[in-house]
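> Sequence first, predicted coordinates after that:
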Amino acid sequence: MLEVKGISRFFKGLVALDDVTFTVKQGDILGIIGPNGAGKSTLFNCITCFFPPSKGEVYFEGKKITGLNPFQITELGLTRTFQHTQVFPKLSVYENITTGQYVMKRKDPSRTKRQLEQKAHEIMEFVGVSEYKDTTAENLSLGYQTRLAIGIALATEPKLFLLDEPAAGMNPEETKQLVHLLREIRTKLGVTIILIEHDMKAVMGLCDKIVVLEYGKKIAEGTPQEIQENPRVIEAYLGSEALA
Amino acid sequence: MNNNRMKIGTIIAVLVVLSVLPFLLDSYLIHILNQIGIWVILTASLNLMVGYTGQLSFAHVGLFAVGAYTSAILTTSAGFSFWTSFPIAAIVAGVLGFIIGLPVLRFKTHFFAIVTLGFGEIIRLTIYNWRDLTGGPNGIYNIPFPTNILGLDFALREHFYYLILISAVLVVLFVKLLIGSRTGKAMIAIRENENFALFVGINTWKVKIFAFTLSAALAGFAGSLYASYNSYISPYSFTVSESVSILLMVIIGGMGTIIGPILGTTFLIFLPELLRSVSEWRMVIYGGLLVLTIMFMRDGILGLIKSFVRKKKHHSEKNLLSTGKEEAAIAGSERN
């Protein structure tokens, strides 16, 4: 469904990403992990056309998306959330969701206003924010803001959904609920997911496949089991002394 | 539904009162109301950028000047009537807004504010120095009033009043309709979170350039009325201090609302009249007001009125549903 082919990104001589290649299968949950500064968010920004890669290309469902604009790839069925939960703070929860439906008019012009309203309510129910329907988004707790951000992204009806550290700042209980929600997005909505996450427990429990980055390079790729046993990954995370 | 009906009723009542005012007030007060009307159009246009699209523009007084000068030059040297010159003034300001917008809208937040400030000054200095066309520091005299239509004689303030009133009402109504539209929703999404707006499918660049062009055209339209009403314009009417004034009107009234800028404009135009006796303190008082607004009433005069009404309602209903920060946070943690 998604092919990332030899993506590199340089910032004034600094190599943030170095020839990263991987693919994502339809229906999978792919985790991207790596120490701080490994280039995870840069990779996300290149995939979602937030800024272009210096080298390499990204294909989504066989179509090259590198060079397109973010609002165009949203129409193709690819969307994302940002790090540090991002919503539309001064709008109500319901307005946040309907703003997310902006793209639907281009994607499916046959949809009536009523159908969209109905859908917005379903989404609020699905992500668990419907009881705060009229609350201003900035007044929600962090956990609920994250749910709302996911709701907004789902309102664009994506096929592929990228989440940048959704569990940041959450307590273990909130993280557990988030993992549950992401599983439901995959099983009930059939959405393919890529996520960046630091919470190892969440990543290992949730993902089918994991890509590990260090200093902009892909150092490992495999199932959670394989990654946990990979000496290169252990070294990157725990330092080489741990192996000695 | 009931609430809506009340709103429409209030608006009609206000309009009725406004339309009979020339019969009740003296010429001096009508003059002040006319000024308010013109500035309401300008602040509505600025509000479109600052309040709804979230881009702090200081270029609007410059665009207002472009509208005023276009109209003034066309009606004096070129012999156009006001009625053909005012749409041209709006178009010229709009086109210039578009051209300025192309580079300027690449900047964000305070960088955008500073660059627009620069362009506003470039416009003013161009006007100041292009003597052959603009009369330089002497300005343009004897700008004709609009020619009579419908039995209205626009040399009379009381008659000009209706032209301004209708223009202001139409512009405010237009802004209101725009904000309710799909494009308006996109503008608000950009104000709230420009990056995320991209990922719900909004072409943020296109929407911003559209908003800037449109708001420039409205500023030009206000400028055209201003020139014709005052029959004299000079570069001294379009300084940075005017830019700050209109921004204050929007902020103190309540930006990002329809009524807020109208309240702010009315308040800040009446204020100097009330403070005649202490006029040298005017700027000090303005500054103090801005600080107070930002510290204590973020949503401006309108926000203050709204929270007062809400409090009264809450008091009577003992409403448990609250949108307060703590309550939502507590509710959130309880659910987990």
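Noted; the coordinates are in hand.

> Let's see the distance spanning stretch B:272-281 from one end to the other.
10 Å (CA to CA, to the nearest Å).

> can you give me how far that stretch is from the chain middle?
Distance of stretch B:272-281 from the chain centroid (CA atoms, centre = their mean, to the nearest Å) equals 23 Å.

> now do stretch B:221-240
Averaging C-alpha positions (CA atoms, centre = their mean) puts stretch B:221-240 15 Å from its chain's average.

> which residues touch A:Phe82?
Shown in contact with A:Phe82 (CB atoms under 8 Å, 6 or more residues apart in numbering or on different chains): A:149, A:164, B:195-196. C-beta: built from backbone N, CA, C; applies to glycine.

> That one in helix, strand or coil?
coil (DSSP: H, G, I helix; E, B strand; the rest coil).

> do the same with A:Leu30
Classified using three-state DSSP, A:Leu30 is strand.

> ranges for the strands of chain A?
A:2-11, A:14-24, A:29-33, A:55-60, A:63-64, A:78-80, A:160-164, A:192-196, A:209-214, A:217-222 (DSSP state E).

> Among those, show me which one is buried the most.
Among the strands of chain A, strand A:78-80 has the highest mean neighbour count (mean count of other CB atoms under 10 Å in any protein chain shown), at a mean of 29.

> Note down every partner strand of that one and its orientation.
As defined by DSSP bridges, the strand partners of strand A:78-80 come to strand A:160-164 (parallel).

> circling back to that earlier point, is it possible to export the strands of chain A to a markdown table including distance to A:Val233 and mean pLDDT?
Output for the strands of chain A, formatted as a markdown table (distance: least, CB to CB, whole Å; pLDDT from 0 to 100):
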| stretch | distance to A:Val233 | mean pLDDT |
| --- | --- | --- |
| strand A:2-11 | 19 | 90 |
| strand A:14-24 | 15 | 90 |
| strand A:29-33 | 8 | 93 |
| strand A:55-60 | 23 | 92 |
| strand A:63-64 | 31 | 92 |
| strand A:78-80 | 25 | 93 |
| strand A:160-164 | 21 | 94 |
| strand A:192-196 | 16 | 94 |
| strand A:209-214 | 5 | 91 |
| strand A:217-222 | 5 | 89 |
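
> and those strands as TSV, adding distance to B:Leu274?
Listed next are those as TSV, based on distance: least, CB to CB, whole Å:
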stretch	distance to B:Leu274
strand A:2-11	56
strand A:14-24	59
strand A:29-33	63
strand A:55-60	63
strand A:63-64	65
strand A:78-80	53
strand A:160-164	53
strand A:192-196	58
strand A:209-214	65
strand A:217-222	69
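
> what sits against A:Leu182?
A:Leu182 neighbours (CB under 8 Å, 6+ apart): A:29, A:163, A:166, A:193, A:195, A:206.

> re earlier: can you list the contacts of A:Phe82 in TSV and add distance to B:Gly135?
Listed next are the contacts of A:Phe82 as TSV, based on distance: CB to CB, whole Å:
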residue	distance to B:Gly135
A:Ala149	56
A:Asp164	57
B:Asn195	46
B:Phe196	49
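
> which of these are buried?
A:149, A:164, B:196 (16 or more other CB atoms under 10 Å in any protein chain shown).

> for the chain, what's the longest helix?
In the absence of a named chain, this looks at chain A. Assignment by DSSP state H gives helix A:172-189 as the longest helix of chain A.

> switch to chain B, that's the one I care about
Per DSSP H, chain B has its longest helix at helix B:204-230.

> tell me the mean pLDDT for that one?
The pLDDT scores in helix B:204-230 average 95.

> Tell me which helix or strand comes right after it.
helix B:240-253 (DSSP states H and E).

> So what touches that following helix?
With CB under 8 Å, 6+ apart, helix B:240-253 has contacts from B:39, B:42-43, B:46-47, B:50-51, B:56, B:58, B:60-62, B:117, B:120-121, B:259-265, B:267-268, B:286, B:289-290, B:293-294, B:300-302.

> Tell me, how many residues neighbour the residue in chain A positioned nearest to chain B?
Residue nearest to chain B within chain A (CB to the nearest CB): A:Val103, separated by 2.6 Å. By other CB atoms under 10 Å in any protein chain shown, 23 other residues sit near A:Val103.

> pretty sure it contacts A:Pro158?
No. A:Val103 is not in contact with A:Pro158 according to CB atoms under 8 Å; the separation is 9.6 Å.

> For the two, list the residues in contact with both.
A:Thr74.

> Where does the prediction get shaky in chain A?
A:85, A:238-244 (pLDDT under 70).

> hmm, try it at 80
A:13, A:84-85, A:236-244 (pLDDT under 80).

> same question, the stretch 201-336 of chain B
In the stretch 201-336 of chain B (pLDDT under 80), the answer is B:272-283, B:286-287, B:289-290, B:293-294, B:296-299, B:310-336.

> Quick check: the residue of it nearest chain A.
Closest contact between the stretch 201-336 of chain B and chain A, by CB to the nearest CB, is at B:Gly201 (2.6 Å).

> Would you mind listing the residues in contact with the closest residue to that residue other than its chain neighbours?
Leaving aside its chain neighbours, B:Gly201 sits nearest to A:Val103 (2.6 Å; criterion: CB to CB, 6 or more residues apart in numbering or on different chains). Taking CB under 8 Å, 6+ apart as the contact definition, A:Val103 lies against A:71, A:74-75, A:156, B:200-202.

> Kindly report the same for A:Lys188.
Counting by CB under 8 Å, 6+ apart, A:Lys188 has contacts A:Phe126.

> A:Lys107 now?
Taking CB under 8 Å, 6+ apart as the test, what A:Lys107 contacts is A:75, A:156-157, B:201.

> surely A:Asn230 meets A:Gly222?
Yes. Applying CB under 8 Å as the test, A:Asn230 and A:Gly222 come out as touching, 7.1 Å apart.

> Chain neighbours aside, what residue packs nearest to A:Thr81?
Per CB to CB, 6+ apart, closest to A:Thr81 is A:Ala149, 4.7 Å.

> The residue nearest to A:His198 when sequence neighbours are not counted and B:Val14, how far apart?
What sits nearest to A:His198 in space, not counting adjacent residues and going by CB to CB, 6+ apart, is A:Glu165, at 6.5 Å. Distance of A:Glu165 to B:Val14, computed by CB to CB, to the nearest Å: 50 Å.

> repeat for B:Gln55
Per CB to CB, B:Gln55 is found 30 Å from B:Val14.

> where are the low-confidence patches of the stretch 51-200 of chain B?
Ranges of the stretch 51-200 of chain B meeting pLDDT under 80: B:146-155, B:158.

> can you map out the helices along it?
With DSSP state H, counting those that start in this stretch, the ranges of helices along the stretch 51-200 of chain B come out as B:60-76, B:82-104, B:109-129, B:131-134, B:157-180, B:182-192, B:194-198.

> quick one: the longest one to helix B:82-104, angle?
Right, the one you point to is helix B:157-180. 40 degrees (axes from the mean of the first three to the mean of the last three CA atoms, to 10 degrees).

> circling back: just the buried residues of the contacts of A:Val103.
For the contacts of A:Val103, buried by 16+ other CB under 10 Å: A:71, A:74-75, A:156, B:200-202.

> Tell me the one among those nearest to A:Leu140.
For those, the closest approach to A:Leu140 (CB to CB) belongs to B:Val200, at 18.4 Å.

> tally of neighbours for the residue lying closest to A:Phe88 once chain neighbours are set aside?
With CB to CB, 6+ apart as the criterion, A:Phe88 has its nearest non-adjacent residue at 3.7 Å, and that residue is B:Glu192. If you count neighbours by other CB under 10 Å, B:Glu192 ends up with 21.

> likewise the one 5 residues further on?
For B:Ala197, the count of nearby residues is 25 (other CB under 10 Å).

> wait, doesn't it sit right on B:Ile188?
No. At 9.1 Å, B:Ala197 does not count as touching B:Ile188 under the criterion of CB under 8 Å.

> residues touching B:Val278, list them.
Listed by CB under 8 Å, 6+ apart, the contact partners of B:Val278 are B:Ile285.

> picking up where we left off before, who's in contact with the residue nearest to A:Thr81?
Contacts for A:Ala149 (CB under 8 Å, 6+ apart) come out as A:81-82, A:85-87, A:166, B:196.
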